[in-house]
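1. the following comprises the amino acid sequence and a computationally predicted model.
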Amino acid sequence: DTGVSQDPRHKITKRGQNVTFRCDPISEHNRLYWYRQTLGQGPEFLTYFQNEAQLEKSRLLSDRFSAERPKGSFSTLEIQRTEQGDSAMYLCASSLVPGHEETQYFGPGTRLLVL
Amino acid sequence: KNQVEQSPQSLIILEGKNCTLQCNYTVSPFSNLRWYKQDTGRGPVSLTIMTFSENTKSNGRYTATLDADTKQSSLHITASQLSDSASYICVVSGGGSYIPTFGRGTSLIVHP
């Protein structure tokens, strides 16, 4: 499978716990994005990486959120001290730049439920 | 402010019928516009992409149109199938940012 993969697909946690999600992009893609999506809404941008450099972070990304892409390949998104409002689908997407019209390819998402 | 508005919010049609989804945007300067299909519980999948110079692009039963002057796009689905039931998201790139602007999507339900 050469698509974007995410792990886990589902996560249920108790409020206050820490969670970590992983994203494996398409192998030659140098750009990686994280989005959050709640029911009935479009994806909301959280952050993106160009290779290992984190170039932009949304104001939605509070201090409890941190993302890394240490070797410019896979990425992790950690949420500390989870809150019920963090319940959402977390989507990862990758793209190749420069490239033809930079199409982002999305993974299947990690659905988080905070109890 | 870069914005993408989609209409209708939801749509129910009978199998075999056609439908058209709308997207209006304020993103400027404009780079390109994509339509994505998102099945329930899955990530979005790209259907079409159009740049400033393109008016129409087709992908099977999906046809997207773009009017860059009025900043409007539409996605027309012909002879709908049950598998077309999904959310359709309009995404516009440009506006001086690498981050595209997403619409909220139109939820389409195709009934047998």
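-> Nice, I can see it.
2. my read: B:Ser85 touches B:Ile77, true?
-> No: under the criterion of CB atoms under 8 Å, B:Ser85 is not in contact with B:Ile77, lying 10.8 Å apart. To be clear about C-beta, it is placed using only N, CA and C from the backbone, and glycine gets the same treatment.
3. intersection of neighbour lists for those two?
-> Common contact partners of B:Ser85 and B:Ile77 (CB atoms under 8 Å, 6 or more residues apart in numbering or on different chains): B:Leu108.
4. who's more crowded, those two?
-> Taking neighbours as other CB atoms under 10 Å in any protein chain shown, B:Ser85 and B:Ile77 compare with B:Ile77 leading, 23 against 17.
5. note down every partner strand of the helix or strand harbouring B:Lys57 and its orientation.
-> Using DSSP states H and E, B:Lys57 sits in strand B:56-59. According to DSSP bridges, strand B:56-59 forms sheet pairs with strand B:62-67 (antiparallel).
6. could I get the buried residue list for the partner strand?
-> B:62-66 (16 or more other CB atoms under 10 Å in any protein chain shown).
7. wait, B:Lys17 sits on B:Ser80?
-> Yes: contact status for B:Lys17 versus B:Ser80: in contact at 5.6 Å, counting by CB under 8 Å.
8. give me the more crowded residue out of those two.
-> Neighbour count, other CB under 10 Å: between B:Lys17 and B:Ser80, B:Ser80 has more, with 20 against 12.
9. specify the local secondary structure of the more buried one.
-> Assigned by DSSP: H, G, I helix; E, B strand; the rest coil, the conformation of B:Ser80 is coil.
10. how near is the closest residue in space to it that isn't next to it in sequence to B:Thr70?
-> Distance criterion CB to CB, 6 or more residues apart in numbering or on different chains; nearest residue to B:Ser80, sequence neighbours excluded, is B:Val110 at 4.8 Å. Distance of B:Val110 to B:Thr70, computed by CB to CB, to the nearest Å: 29 Å.
11. how long is stretch B:51-60 from one end to the other?
-> Stretch B:51-60 has an end-to-end distance of 19 Å (CA to CA, to the nearest Å).
12. list the residues that contact the residue nearest to A:Ala93 when sequence neighbours are not counted.
-> Using CB to CB, 6+ apart and skipping the chain neighbours, the partner closest in space to A:Ala93 is A:Gln104 (4.1 Å). Residues near A:Gln104 by CB under 8 Å, 6+ apart: A:33, A:93-95, B:46, B:100.
13. what does A:Lys57 give?
-> A:46-47.
14. could I get the phi/psi values of it?
-> phi -130, psi 140 (degrees, to the nearest 10).
15. among the contacts of A:Gln104, name the ones in strands.
-> If you go by DSSP state E, these have A:33, A:93-95, B:46, B:100 in strands.
16. just name the closest of those to A:Arg111, please.
-> Among these, A:Ala93 lies closest to A:Arg111 (CB to CB), at 16.1 Å.
17. centre of the chain to the one helix or strand in chain A whose mean pLDDT sits lowest, how far?
-> Lowest on mean pLDDT, DSSP states H and E among the helices and strands of chain A sits strand A:53-57, with a mean of 90. Put simply, strand A:53-57 sits 13 Å off its chain's centre (CA atoms, centre = their mean, to the nearest Å).
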